[in-house]
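Q: can't give you the sequence, but here's the structure:
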């Protein structure tokens, strides 16, 4: 075999190796139904934010169509109950947001407070949440998220 033939053969072997490394794995085509606890907590936090910021009633979390939707998105995810969602998880999110707001305020200089806009936003948020038992908490969380987290 001359050197030209060796180079060609070496080149063909390299192409074969490259093609093999680009082959998709079987696990690319399905998702495991086992979700790590950190991922499940992350999904739940995201749901709390969506529900509170969009003014979605917490009763939707137990709707069979919504549960089916969640299972289509992530087969192993089991959403929390409406009671857990609207109490402990909402309170945790409020505490997390409050800590972020405190940090922003502590790190800020030359703060200006405008009570008029605050009342307008609060009343509009509160009126959209009248059917919720935690309406005032949701309105407060929405107000905090709207005013403070938009700057993050």
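A: That came in fine, so what should we check first? In this text the structure is predicted, and so the values were computed from the model without any measurement.
Q: for the protein, what helix or strand is lowest in average pLDDT?
A: helix 115-128 (a mean of 51; mean pLDDT, DSSP states H and E).
Q: residues in contact with the closest residue to residue 89 other than its chain neighbours?
A: Distances taken as Cβ to Cβ, 6 or more residues apart in numbering put residue 48 closest to residue 89, at 5.2 Å, once the chain neighbours are dropped. Glycine gets a C-beta too; all of them are placed from N, C-alpha and C. Counting by Cβ atoms under 8 Å, 6 or more residues apart in numbering, residue 48 makes contact with 85, 89-90, 92-93.
Q: Out of those residues, which sit inside helices?
A: 90, 92-93 (DSSP state H).
Q: Give the PyMOL command for selecting the buried subset of the residues you listed.
A: Under the burial definition 16 or more other Cβ atoms under 10 Å, those of those that qualify are selected in PyMOL by:
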select buried, resi 90+93
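Q: For the ones in helices among the contacts of residue 48, could you give me CSV that also reports distance to residue 63 and pLDDT?
A: Below are those laid out as CSV (distance: Cβ to Cβ, whole Å; pLDDT from 0 to 100):
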residue, distance to residue 63, pLDDT
90, 18, 91
92, 23, 92
93, 21, 90
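Q: how near is residue 110 to residue 104?
A: 13 Å (Cβ to Cβ, to the nearest Å).
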